[in-house]
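S.K.: What follows is a predicted protein model with its sequence.
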Amino acid sequence: MLIVIIGPPGSGKGTQARRLLAHLGVPHISTGDLLRAAKQSGTELGRQAAKFMDEGRLVPDDLVLAMVAEKLQEPQFDKGGLFDGFPRTIYQAKTLDVSLRERGTPLAMAVELKADEEELTARILKRAAIEKRTDDTPETIKQRMEVYRKQTAPLLDYYRGQGKLVSIDALGTPDEVFSRIRAAIDKRRPA
Ligand code: AMP
């Protein structure tokens, strides 16, 4: 089963993705994690991606798509997987659809973590104060929210049109949110 998880900054995507992996027993692709690792190890990709990431902008589609295509070739993804933070643009979603169709493993569903922007901003700022994350300032959060709204939110209509979108209320404790996601997925999961 192949699933994508979509949500604005602060919606708990990473946390929920990790829980889902354990539940579904499928491998994980987090483009944010892959890009951060590339940046830290100083690869050519990391060097090219760094300036976009530091400015809270999306890394260009061609760089992200090449990275994902390489990862998807690993045999562990033959039976399924969870995409976290990818796709983030309509172009990425369409390209993913084409390559999954070619493999004969179409996407099963897109899970949206849905929450009010102001509540999420407050949540990120609280976390930044506790964890002393100086990169999460009101300005950078605003920029990331705007990128989400303009470039990623259109994916919701795209997947809705395919009958694959499931929207989950992302406010609540991680346990509460996870049980909502699990119920929605189990309902659609092949027996
Ligand atoms: P994340 O941890 O998913 O929030 O990603 C951190 C940063 O990596 C984002 O702000 C983007 O700059 C970049 N990034 C991650 N995934 C993608 C993607 N699918 N397309 C473009 N940029 C991405």
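M.R.: That came in fine, so what should we check first?
S.K.: how about the host helix or strand of residue 36: buried residues?
M.R.: Applying DSSP states H and E as the criterion places residue 36 in helix 31-40. Going by neighbour count (16 or more other Cβ atoms under 10 Å), the buried part of helix 31-40 is 31, 34, 35, 38, 39. Bear in mind the C-beta positions are built from the backbone N, C-alpha and C, glycine included.
S.K.: Quickly name whichever of those residues is closest to the ligand.
M.R.: residue 31 (3.4 Å; Cβ to the nearest ligand atom).
S.K.: Do you know the pLDDT at that closest one?
M.R.: For residue 31, the pLDDT comes out at 95.
S.K.: That one contacts residue 67, doesn't it?
M.R.: Yes: taking Cβ atoms under 8 Å as the definition, residue 31 is a contact partner of residue 67 at 7.0 Å.
S.K.: Show the contacting residues for the residue in the chain positioned nearest to the ligand.
M.R.: Residue nearest to the ligand within the chain (Cβ to the nearest ligand atom): residue 32, separated by 2.3 Å. By Cβ atoms under 8 Å, 6 or more residues apart in numbering, the residues touching residue 32 are 14, 84, 85.
S.K.: Up against the ligand, what does the protein have?
M.R.: 31-32, 35, 52-53, 56-59, 64, 85-88, 92 (Cβ under 6 Å from any ligand atom).
S.K.: picking that back up, quick one: buried residues of the helix or strand following the helix holding residue 36?
M.R.: Proceeding N to C from helix 31-40, the next assigned helix or strand is helix 44-54, under DSSP H and E. Buried positions in helix 44-54, judged by neighbour count with 16+ other Cβ under 10 Å: 45, 46, 49, 50, 53.
S.K.: Stretch 146-154 too?
M.R.: By neighbour count with 16+ other Cβ under 10 Å, stretch 146-154 contains the buried residues 147, 148, 151, 152.
S.K.: can those go into a markdown table with extra columns for pLDDT and secondary structure?
M.R.: Putting the buried residues of stretch 146-154 into a markdown table (pLDDT from 0 to 100; DSSP: H, G, I helix; E, B strand; the rest coil) gives the following:
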| residue | pLDDT | secondary structure |
| --- | --- | --- |
| 147 | 95 | helix |
| 148 | 96 | helix |
| 151 | 96 | helix |
| 152 | 97 | helix |
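S.K.: Name the nearest of those residues relative to residue 22.
M.R.: Taking Cβ to Cβ as the measure, residue 22 lies nearest residue 152 of these, at 25.5 Å.
S.K.: isn't the closest one right up against residue 89?
M.R.: Yes: between residue 152 and residue 89 a contact is recorded at 6.9 Å, counting by Cβ under 8 Å.
S.K.: can you give me the strands for this structure?
M.R.: Ranges of strands in the chain, per DSSP state E, are 2-6, 28-30, 81-84, 109-114, 165-169.
S.K.: okay, these in JSON lines with mean neighbour count and distance to residue 120 next?
M.R.: Listed next are those as JSON lines, based on neighbours: other Cβ atoms under 10 Å; distance: least, Cβ to Cβ, whole Å:
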{"stretch": "strand 2-6", "mean neighbour count": "24", "distance to residue 120": "14"}
{"stretch": "strand 28-30", "mean neighbour count": "18", "distance to residue 120": "19"}
{"stretch": "strand 81-84", "mean neighbour count": "23", "distance to residue 120": "17"}
{"stretch": "strand 109-114", "mean neighbour count": "21", "distance to residue 120": "10"}
{"stretch": "strand 165-169", "mean neighbour count": "17", "distance to residue 120": "12"}
